[in-house]
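*Asks:* can you look at this prediction? I've put the sequence above it.
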Amino acid sequence: MKNDPTTQQIKHYYERKNLSPKKLQELMDISQQQDRKKTSLASKSDRWLFKNNMSIAASIFFAFIIGTQMFFYLPTDNEALAERITKEILLNHQKQFNIEFQGNNINELRTHMQKLDFNLIQSNRITELGLEIIGTRYCSIQGEIAAQIKLKDNVGNIYTLYETALKENLKKLTDEEKTVNGLAVSTWSEHGVFFGLVGSKTR
Amino acid sequence: MSSGTPAEDIEILLQSGYRYALSLTHNSTRAEDILQDAWYAVLHAGGPHNKPYIFQAIRSRFINQYKRDLLVPLIPLDDINEEDYSTYDTPFYHQDYNDAALEQALSTLRTAEREALFLTAVEGYTAQEVAELTDQPRGTILSMLHRSRAKIRKYYQTIDTDTAP
């Protein structure tokens, strides 16, 4: 059928028909305008995405920075525990509770403090400071039984020494010395006992 | 459609679209208008730049504009006049017909017949492909093709008779 003369003639007839150059150019221009429009839209879209991506990247960056800062500045569990202990022994020192058992050395106090779950010991630091023992009473530090020992220096300033068993949570704490509200607060550990001392800063 | 530059490909596509529109309208101005309308639609829709897509766009616009029922009547196979086939028995061969005569012959065809002839003769569509594009039964397309060729032959025979000494 394709070789049929009529078919061939019709084929040649239509193939010689062309759009007028003017109309062809018009349609080609429309096509180019549409392409430019698409490119422009794509470009705008790219810019929008770029801007937003930059914003997102900046947000992530700042979130990372803030997170990092918070990580370093937020107290760790150990720091928080040390902070709580400091507050607790400071408060107890300021209350100036009466002593339950009098005595001027650790051995004497130890005989009175039978309920403790650890042995009271003489801290080297107390010896170095030349503090004199006045007496003791039971107390607690962070829920654990402790001894609150009253001491005084050679000018009569009162100090409070706390001793409690060095439990696992306290083992993680490092020795500290700080001044809070004009009072010196020290915490340390020796021979399985945790110590906390509060007293005059001048000492 | 991908042998040349994008601009060349588009030009070829537009020329094919124009010829298809011309086969429907048999009028160059209307063909250009329909093509332009269809081309706008194709670009706006971001449709593929290929013949089937633009042909469909042209066809739907042609039908919408001129009422399909009036301009593209479907003729069931049963309605075909057997006499129309009588001329097929004799091989038709006419060397002298020119574009003007063919244009006149094509004008005697119904739109659907001209469309089917164009798609098969120029675009190389099979009857099945024409049927799919025009949403008509393949048998209807085949009958239209036979009938349209017969009409053209008949037209030339008439011319020959009229111009015979």
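*Replies:* Yep, it's here. Residues are numbered from 1 along each chain as shown, chains lettered A, B, ... in the order given.

*Asks:* give me the local confidence score for residue 16.
*Replies:* In the absence of a named chain, this looks at chain A. Looking at A:R16, its pLDDT reads 89.

*Asks:* that's the other chain; I wanted chain B
*Replies:* pLDDT, B:S16: 94.

*Asks:* once you drop chain neighbours, what's closest to it?
*Replies:* Once flanking residues are discounted, B:S16 sits nearest to B:K51: 5.7 Å by CB to CB, 6 or more residues apart in numbering or on different chains. Glycine gets a C-beta too; all of them are placed from N, C-alpha and C.

*Asks:* residues in contact with that neighbour?
*Replies:* Taking CB atoms under 8 Å, 6 or more residues apart in numbering or on different chains, we find B:K51 in contact with B:M1, B:L13, B:S16, B:G17, B:E123.

*Asks:* would you mind measuring from it to B:E129?
*Replies:* From B:K51 across to B:E129, the span is 11 Å (CB to CB, to the nearest Å).

*Asks:* before we move on, back to that, of the contacts of B:K51, which is the most crowded?
*Replies:* Neighbour counts for those peak at B:G17, which has 25 neighbours (criterion: other CB atoms under 10 Å in any protein chain shown).

*Asks:* which residues touch that residue?
*Replies:* Going by CB under 8 Å, 6+ apart, the list of residues near B:G17 reads B:L35, B:A38, B:W39, B:K51, B:I54, B:F55, B:I58.

*Asks:* assign it to helix, strand or coil.
*Replies:* Three-state assignment for B:G17 (DSSP: H, G, I helix; E, B strand; the rest coil): helix.

*Asks:* quick check: it vs B:T140, distance?
*Replies:* For B:G17, the distance to B:T140 - CB to CB - is 24 Å.

*Asks:* again, but for B:L102
*Replies:* B:L102 sits 24 Å away from B:T140, going by CB to CB.

*Asks:* next: B:R149.
*Replies:* According to CB to CB, B:R149 and B:T140 sit 15 Å apart.

*Asks:* what about these two, which has more around it?
*Replies:* The neighbour count for B:R149 versus B:T140, taken as other CB under 10 Å, is higher for B:R149 (24 against 20).

*Asks:* list the residues that contact the closest residue to A:N98 other than its chain neighbours.
*Replies:* Among residues not flanking A:N98 along the chain, A:R137 sits closest, at 7.3 Å (CB to CB, 6+ apart). Residues near A:R137 by CB under 8 Å, 6+ apart: A:F97, A:N98, A:I99, A:E100, A:F101, A:A147, A:Q148.

*Asks:* wait, B:I10 touches A:S31, no?
*Replies:* Yes: B:I10 lies in contact with A:S31 (CB atoms under 8 Å); the separation is 5.7 Å.

*Asks:* for chain B, what lies in contact range of chain A?
*Replies:* Neighbours of chain A within chain B, by CB under 8 Å from any CB of the partner chain: B:7, B:10-11, B:14-15, B:18-19, B:22-23, B:28, B:32, B:35-36, B:39-40, B:43-44, B:46, B:92-95, B:97, B:99, B:102-103, B:106, B:117-118, B:120-122, B:124, B:145, B:149, B:152-153.
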